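Enquirer: Prediction below, plus the sequence it came from.
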Amino acid sequence: MSGVCRAYRSAAETVWAARDVEFTARAGEFVCVHGASGSGKSTLLNLLAGLDLPDSGEIRVGDVDVGTADEARRAALRLRTVGVVFQEHNLIEEFTAAENVALPLEARGLPVGEAHEEALAQLARVGLSGPADRLPWQLSGGQRQRVGVARALTGRREILLADEPTGALDSAATRDLFGLFRELCDEGVLAVVCSHDPRCREYADTVHEVVDGRLEFRS
């Protein structure tokens with residue numbers, strides 16, 4: 001990201017969610033983005049994922065200029081390169097864990113059987129081989145988030161964006177999830193994790209803080 005600005009305007013005020021943001025991250029890096037609620041963390045991730053567009057500045061993910069790409073190109077970027085993990089896991093309640101993870105692969109045209117095999121491999125990667133055939137309501141909060149991580153990585157996606165992924169987890173599950181992100185980065189995944197939890201810093205390579213839309217490097 002270079003010189004990225006994003007403002008939300010109303011008749012009463014202008015709120016800067018991103019203000020002159022400069023940001024670079026590379027494969028294998030665990031980036032923690034810290035900040036208070038409403039500081040602009042979610043906007044940062046939405047811009048990186050192409051779910052929102054900047055008012056000015058450049059956003060480049062690999063060889064894709066996200067700010068100028070059309071909606072179809074941005075959707076393809078999320079389907080093939082960038083996976084997003086939400087605070088609320090956003091799993092389909094009627095689908096098993098494996099079926100939820102297989103969805104992006106089926107959307108890419110992979111046969112159902114192959115998609116299921118890949119889903120099982122990704123669930124095993126995040127430590128969930130056993131509960132693959134369970135529905136979301138049969139899983140703990142930590143397990144549901146791991147399913148979300150597996151879904152975000154399926155199809156060999158190289159970038160993981162996570163927005164407050166531990167907000168609904170207890171202390172033990174929080175450390176487990178941050179530990180999983182660390183392991184994935186050690187395997188070559190780039191993870192950008194927005195979190196207000198200070199424990200995220202313990203696992204990260206670099207830490208930034210968002211203050212009123214400005215991104216400040218901390219360590």
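Expert: Good, I have the coordinates. Predicted model, so just to flag it, every value in this text is computed and none were measured. Numbering: from 1, shown residues only.

Enquirer: any idea how far residue 3 is from residue 78?
Expert: Distance, residue 78 to residue 3, using C-beta to C-beta, to the nearest Å: 23 Å. The way it works is simple: take the backbone N, C-alpha and C, and place the C-beta from them, glycine included.

Enquirer: give the contact list for the residue nearest the centre of the chain.
Expert: Computing the C-alpha centroid of the chain and ranking residues by C-alpha atoms, centre = their mean puts residue 161 first, at 2.0 Å. Residue 161 makes contact with 45, 48-49, 82-85, 152, 191-192 under the criterion C-beta atoms under 8 Å, 6 or more residues apart in numbering.

Enquirer: quick one: it is in a helix?
Expert: No: secondary structure of residue 161 (DSSP: H, G, I helix; E, B strand; the rest coil): strand, not part of a helix.

Enquirer: And it, how close does it get to residue 41?
Expert: 11 Å.

Enquirer: do residue 108 as well
Expert: For residue 108, the distance to residue 41 (C-beta to C-beta) stands at 29 Å.

Enquirer: can you check residue 196 too?
Expert: 8 Å.

Enquirer: What are the boundaries of the strands in this protein?
Expert: Assigned by DSSP state E, the chain shows strands spanning 2-9, 14-21, 30-34, 56-58, 60-61, 64-65, 82-85, 159-163, 190-194, 206-211, 214-217.

Enquirer: could those be laid out in CSV, adding mean pLDDT?
Expert: As requested, those are exported to CSV (pLDDT from 0 to 100):
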stretch, mean pLDDT
strand 2-9, 95
strand 14-21, 93
strand 30-34, 96
strand 56-58, 97
strand 60-61, 96
strand 64-65, 96
strand 82-85, 94
strand 159-163, 96
strand 190-194, 96
strand 206-211, 95
strand 214-217, 92
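
Enquirer: Out of the ones you listed, the one nearest residue 128 is which?
Expert: Closest approach to residue 128 among those is made by strand 82-85 (14.2 Å; C-beta to C-beta).

Enquirer: dump the residue contacts of residue 42.
Expert: By C-beta under 8 Å, 6+ apart, the contact set of residue 42 is 163-164, 194.

Enquirer: Now, of the residues you listed, which are buried?
Expert: Using 16 or more other C-beta atoms under 10 Å as the burial test, these include 163-164, 194 as buried.
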